[in-house]
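Chemist: model this:
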Amino acid sequence: MRLTMAWAELDPSGRPSATPPVLSALDGSGTVQSAAAWQDQRPAIRQALEETVYGTMPPGGEARLVERRVVDDAYLDGLAVLEDWDIAVTAIHHGQASAPALLRMAVMIPAGQMDAPVILMETFCRNHNTFPDAGLSRPEGEGMCDGDGVVSGIMGYVFGRYITTPPLEEIARRGYAIAAFHPGDIVPDDAARAQAALDEIAAGLPDDGARPGAIAAWGWLFSRAVDVLEADDRFSGSDIISWGHSRYGKAALVGTAWDERIDGVIAHQSGTGGAALNKAKRGESVGEITRSYPHWFAGNYAAYAGREDALPVDQHHLLALIAPRPVFLGNARRDVWSDPSGTFIAAQGADPVWELLGRQGLDQETLASFDPQADISFFIRPGTHGITEEDWPAFLDFLDAHFR
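Modeler: Predicted coordinates:
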C-alpha cells in the first residue's frame, strides 16, 4: 500500500510541464532556434538564477596548491596512490579579494594510470572519513561523522552504507580517480557559522537579496578544485565529473552549470533548489527549505515562497546550462520530499537544449527506464534518501558509458 502510494505521488502525468519553455528567450524576444542563439541566452539565465535563487557567483577566484603529501603510494593493496592536498582559495568580486581559506582535498589515483577520469566529490564527511584509516590529516574539532563510531554508525543506518565512504576499491578497479573535499570546512553548513565565511566570499558585493548563499559558494569550490587539478600534469587530459548528494548535489549542478571545464555531473537526490522544479511543487517547498536552511540561498529565494509561479526561471534552466555535457540525476521512490517526478519533468523541460545542440538528451519515457548512455540519465531505485548499494553501480555505469 505504501509503495503504491509512493508511486502515485511520483507519477508525473497530470503535472504541468516545465515553464517557461527553456528555449523561450527571457526578454520575450521569441524562441531560441540555433546553437549560437542559445549561447547568447545563457548569461541571462545565469543572471536570473543568481538574482532569484543562489546569489551572485564570484566571477573570479584563485586556488593555489600550498602542499601535496603522498599518504600511501600502495593504497588499497596497491590499487591506487592516496595524496593529501592543501589548497588556498580566494574569491574576487569587483577587484576585492576575500581572505584566503584552506581547502583540504584528498586525491586517490588508480595505480599506473595517467589522465584517469576524476570524480570530484563534495562530501558530508571530512577526508579522513571518506578514506578511513589512511593517515590523512584531521582538522581540529569533530565533524558530523567523527566521534566514537556511534555517530557515523547512525549516519550509515539512516543515509545508507556509502554516506561516509564510497566503494573505493571498485572505483579504483574501474579506473577512476577521486578528488574529495568537505565544503563545510570552508562554508560551514550552519546558519550562524556560515555567515562569516559567506561575507568573506561576497566581499565587494552590495548587501542585498542577491548575496550568495552556501549552495553558490559550494558550487564555486568545485571550480577552485578544478583549478589545481588542471595544473597537475597527471590530470592534464582527464575528464572531470562533479559529484554530490542532496545539498551537495545542488552545489554540483550549480558548479557544473557555471564552469564549462567540468565535463559532466552526478547529482544524487538534489531536490528543491537542485534538479526538482519549484513550480507545481511536491515535497519540500521553497518556503520550507528557506526556513530550515536560510544560509543556503540568496535572500530573494525566500520571497518566492507561495508565489513560485512568479519566478522568471525554474530548475530546468539550471539543467539546460549544463548541455551538451552528460548529467546523471539520482532519485529514490520513497524520497518524495526531494520530488523525483519534479526532477523528471525538469529533465524533460531541459531536453530541447541537448537536441538543439545535436545531442539526444533525455532518452526515457518513464521514471524507471534508466539509460546510463543517455545525455540526461534519470535513475530511480527503491528506498529513501541516502547513498545505498544500488547507487554506486548506477553511477559507475553512467561514467563508463560517457568517460571510458
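Chemist: you'd agree Glu50 is in a strand?
Modeler: No - under DSSP: H, G, I helix; E, B strand; the rest coil, Glu50 falls outside any strand and is assigned helix.
Chemist: how much space separates the residue lying closest to Leu321 once chain neighbours are set aside from Gly299?
Modeler: Nearest residue to Leu321 in three dimensions, chain neighbours excluded: Ala257, at 3.8 Å (C-beta to C-beta, 6 or more residues apart in numbering). To be clear about C-beta, it is placed using only N, CA and C from the backbone, and glycine gets the same treatment. Distance, Ala257 to Gly299, using C-beta to C-beta, to the nearest Å: 21 Å.
Chemist: these two - which one has more neighbours?
Modeler: Ala257 (27 against 15; other C-beta atoms under 10 Å).
Chemist: would you list the phi and psi of the more buried one?
Modeler: With angles defined as degrees, to the nearest 10, Ala257 sits at phi -60, psi -30.
Chemist: that one is in contact with Arg42, isn't it?
Modeler: No - at 9.1 Å, Ala257 does not count as touching Arg42 under the criterion of C-beta atoms under 8 Å.
Chemist: check contacts around the residue nearest to Leu321.
Modeler: Residues near Ala257 by C-beta atoms under 8 Å, 6 or more residues apart in numbering: 46, 49, 219, 318-319, 321-322.
Chemist: next, count neighbours for the residue lying closest to Gly237 once chain neighbours are set aside.
Modeler: Residue nearest to Gly237 in three dimensions, not counting chain neighbours: Asp115, with 3.9 Å by C-beta to C-beta, 6+ apart. Residues lying near Asp115 (other C-beta under 10 Å) number 13.
Chemist: which residues touch Gly204?
Modeler: So Gly204 contacts 92-96 (C-beta under 8 Å, 6+ apart).
Chemist: so which of the residues you listed belong to strands?
Modeler: Among these, the members falling in strands are 92-93, 96 (criterion: DSSP state E).
Chemist: that older thread, neighbour-wise, which of the contacts of Gly204 leads?
Modeler: His93 leads the contacts of Gly204 on contacts (other C-beta under 10 Å) with 19 neighbours.
Chemist: quick check: that residue touching Met57?
Modeler: No - using C-beta under 8 Å, His93 is not in contact with Met57, being 9.7 Å away.
Chemist: in space, what's closest to the residue most central in space within the chain - neighbours in sequence excluded?
Modeler: Closest to where the C-alpha atoms of the chain average out (C-alpha atoms, centre = their mean) is Ala252, at 1.7 Å. Closest residue in space to Ala252, ignoring its immediate chain neighbours: Gly244 at 3.5 Å, by C-beta to C-beta, 6+ apart.
Chemist: so what's Tyr176 scoring on pLDDT?
Modeler: Predicted confidence (pLDDT) for Tyr176: 98.
Chemist: show me what Gly264 is bridged to.
Modeler: Ile241 (DSSP bridges).
Chemist: is it in contact with Arg325, as I believe?
Modeler: Yes - between Gly264 and Arg325 there is a contact at 5.1 Å, judged by C-beta under 8 Å.
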